[in-house]
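Asker: I'll drop the sequence and a predicted model, then ask my questions.
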Amino acid sequence: MKIPFSPPFIDQAVIDSVMDTLRSKWITSGPKVKELEQEMLNLTGSRAAICVNSWTSGAIMMLKWFGVKEGDEVIVPAYSYCATALCVLHAGAKPVMVDVLDDFTIDPIKVRYAITERTKAILAVDIAGWPCNYNLLNAVIKDSAVTKMFYPETENQLKLGRILLISDAAHSIGATYGGVPAAQKSDIAIFSFHAVKNVTTAEGGCICLNLTDNFNVAEEYTYLKMYSLNGQTKDAFTKTMGSGWRYDILFNGLKINMPDICAAIGLAQLRQYKDLLLPVRKKIAYKYNNTFSLFSWFVPPPLSNDERESSYHLFPLRIRDITEEGRDQIIEYLSGKGITANVHFIPMPMLTYFKSIGYDIQDYPNSYRQYACEISLPIYPQLTNAEIDYIIVNVANAVKEQIYKTKMLKKAS
């Protein structure tokens, strides 16, 4: 049996949507992008949605929009994909890394201690689909002692009057918090539509705005659409609709717009997401969870509680008292059985580039602890019951074998 890690969900509805775009003769940014933005508003209940060509470019744009620059600081978790910190560096600022909690998410207490007069934003990462503790994070940034430390230097910083809270929602499309979409719990939530995500556009992302009433969200939407197209007053589709060819460049923007050919893929998936794709993911996650709970070595991942519910993007299996090397051997065992597993994530301070600029994994012990025992198992709608059972049996056998090897090595020493 061959089981890939995370193939895209491509059904006839997706194919029809793409073919419709091709037949329309309009493949760059146009009506399909607008439809996808509307579907994101329907799903998240946000005040505005701007589609872009990747999560990373969207995050860079929003940091620049807020006026983040050289000398500023943005707090990020050490346990995340590299883009979380790279976008800060691309904006010219310094990523200030803090450790995570046992549920993989950024530790609000460590965030509080990391805040300085140079802190302009917090990038909180929803790992595996599980939302961060946004109630605590909001309490931190709205605390009077913290707001007194905030020195606005741009118009948008003055309007907000405090540290900007951005949700790195790359994993958490469809997650909920307090009975509402989790995206509503931050000022800005940025989603990823990369090929392995719950909803994909091959490459792409979406910025959802839930800014305070000090902002005119409709004006911000118009501005950000221009920002994503080089600061240009008209996109190509608008010009073809009879508004004339003449345009202007109002400011130094970026070229990060999403094309319709990509939006068509995500649009067909998103329209099936709440009723089909997300429930299937949830069912698989709980089958894993309920079965592995029979084993003493299993550390359950956060899936749902009275406050939060995951989007079930990943199933982050954790194995109690395993070493990093032992974890890697389990992944090799699974590979030998035709099962492709993964690890999310190598903490950023362990990566060569971040080590070269001064970050040390020893400063983030819980990030390492979670990473060393984590294996991301396949979880996607196309998995059959037979494949899920095959994965479960082979994981159990692999862990049993590894635990036995560890015991024998301890006896030998």
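Answerer: Noted; the coordinates are in hand.
Asker: only C-alpha atoms for contact and neighbour calcs from this point on.
Answerer: Fine.
Asker: for this protein, what's the longest strand?
Answerer: Taking DSSP state E as the criterion, the chain has its longest strand at strand 119-125.
Asker: ok, and what's touching that strand?
Answerer: Residues lying outside strand 119-125 but in contact with it, judged by CA atoms under 8 Å, 6 or more residues apart in numbering, are 68, 72-77, 80, 84, 105-106, 131-132, 150, 162-170.
Asker: For the residue nearest the centre of the chain, give its distance to residue 121.
Answerer: For the chain, the residue sitting closest to the mean C-alpha position, by CA atoms, centre = their mean, is residue 170 at 1.8 Å. Using CA to CA, to the nearest Å, one gets 18 Å for the distance from residue 170 to residue 121.
Asker: now residue 258
Answerer: Counting by CA to CA - residue 258 and residue 121 are separated by 25 Å.
Asker: higher neighbour count, the two?
Answerer: residue 258 (26 against 23; other CA atoms under 10 Å).
Asker: so the more buried one makes contact with residue 27?
Answerer: No: using CA atoms under 8 Å, residue 258 makes no contact with residue 27, being 9.9 Å away.
Asker: that older thread, now, which of the contacts of strand 119-125 lie within strands?
Answerer: Per DSSP E, the contacts of strand 119-125 map to strands at 73-77, 164-168.
Asker: Mind putting these into CSV with pLDDT and distance to residue 405?
Answerer: What follows is the ones in strands among the contacts of strand 119-125, written out as CSV (pLDDT from 0 to 100; distance: CA to CA, whole Å):
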residue, pLDDT, distance to residue 405
73, 98, 46
74, 99, 43
75, 99, 41
76, 99, 37
77, 99, 34
164, 99, 49
165, 99, 46
166, 99, 44
167, 98, 41
168, 98, 39
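Asker: now these as CSV including neighbour count and distance to residue 386?
Answerer: Output for the ones in strands among the contacts of strand 119-125, formatted as CSV (neighbours: other CA atoms under 10 Å; distance: CA to CA, whole Å):
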residue, neighbour count, distance to residue 386
73, 24, 49
74, 26, 45
75, 26, 43
76, 25, 40
77, 29, 37
164, 23, 46
165, 23, 43
166, 23, 40
167, 28, 36
168, 30, 34
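Asker: between the residues you listed, which is closest to residue 371?
Answerer: Nearest to residue 371 among the ones in strands among the contacts of strand 119-125: residue 77, at 13.0 Å, using CA to CA.
Asker: Please report the distance of that closest one from residue 379.
Answerer: In terms of CA to CA, residue 77 sits 25 Å off from residue 379.
Asker: how about the helices in the stretch 151-300 of the chain?
Answerer: Along the stretch 151-300 of the chain, the stretches classed as helices by DSSP state H, counting those that start in this stretch are 155-160, 217-227, 236-238, 260-270, 278-292.
Asker: out of the ones you listed, which comes closest to residue 19?
Answerer: helix 260-270 (8.8 Å).
Asker: Put the alpha carbons of that closest one into PDB.
Answerer: Taking Å, rounded to 0.1, in the frame of the first residue of the first chain, the C-alpha atoms of helix 260-270 are listed here in PDB:
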ATOM      1  CA  ASP A 260      -8.100  33.500 -11.400                       C
ATOM      2  CA  ILE A 261      -6.700  30.100 -12.600                       C
ATOM      3  CA  CYS A 262      -5.500  29.500  -9.000                       C
ATOM      4  CA  ALA A 263      -8.600  31.000  -7.400                       C
ATOM      5  CA  ALA A 264     -10.800  28.600  -9.400                       C
ATOM      6  CA  ILE A 265      -9.200  25.600  -7.600                       C
ATOM      7  CA  GLY A 266      -9.800  27.000  -4.200                       C
ATOM      8  CA  LEU A 267     -13.200  28.200  -5.000                       C
ATOM      9  CA  ALA A 268     -14.600  24.800  -5.800                       C
ATOM     10  CA  GLN A 269     -13.000  23.300  -2.700                       C
ATOM     11  CA  LEU A 270     -14.200  26.100  -0.400                       C
END
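Asker: from the middle of its chain, how far away would that helix be?
Answerer: 18 Å (CA atoms, centre = their mean, to the nearest Å).
Asker: repeat for stretch 199-206
Answerer: 11 Å.
Asker: quick check: mean pLDDT across it?
Answerer: Throughout stretch 199-206, pLDDT has a mean value of 98.
Asker: Can you give me the end-to-end span of it?
Answerer: 11 Å.
Asker: what sits up against it?
Answerer: Outside stretch 199-206, the residues touching it (CA under 8 Å, 6+ apart) are 8, 37, 49-55, 58, 173, 190-195, 258, 262-266, 269-270, 273.
Asker: what's the weakest-modelled helix or strand in the chain?
Answerer: Every helix and strand of the chain was ranked by mean pLDDT, DSSP states H and E. The lowest is helix 236-238, at a mean of 68.
Asker: Neighbours of residue 325, how many?
Answerer: So residue 325, with other CA under 10 Å, has 10 neighbours.
Asker: returning to what we had before: I figured the residue nearest to the centre of the chain hits residue 192, correct?
Answerer: Yes: counting by CA under 8 Å, residue 192 is a contact partner of residue 170 at 4.4 Å.
Asker: what touches both of those two?
Answerer: Joint contacts of residue 170 and residue 192 (CA under 8 Å, 6+ apart) are residue 55.
Asker: helices and strands around the helix or strand harbouring residue 113, which ones?
Answerer: If you go by DSSP states H and E, residue 113 is part of helix 108-114. Other elements packing on helix 108-114 under the criterion 3 or more CA pairs under 8 Å, 6 or more residues apart in numbering; DSSP states H and E are strand 94-98, helix 134-142.
Asker: List the buried residues for it?
Answerer: By neighbour count on 16 or more other CA atoms under 10 Å, the buried set for helix 108-114 is 108, 110-112.
Asker: and if you look at stretch 261-273?
Answerer: Per 16+ other CA under 10 Å, stretch 261-273 contains these buried residues: 261-271, 273.
Asker: Repeat that for stretch 320-335.
Answerer: 322-323, 326-334.
Asker: Out of the residues you listed, name the ones that lie in helices.
Answerer: When DSSP state H defines the helices, the subset of the buried residues of stretch 320-335 inside them is 326-334.
Asker: okay, those residues in TSV with pLDDT and distance to residue 366 next?
Answerer: Listed next are those as TSV, based on pLDDT from 0 to 100; distance: CA to CA, whole Å:
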residue	pLDDT	distance to residue 366
326	96	18
327	97	16
328	98	19
329	97	22
330	98	21
331	98	21
332	98	24
333	97	26
334	98	26
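Asker: and which of those residues is nearest residue 405?
Answerer: Distances from residue 405 to these, taken by CA to CA, are shortest for residue 326, at 9.1 Å.
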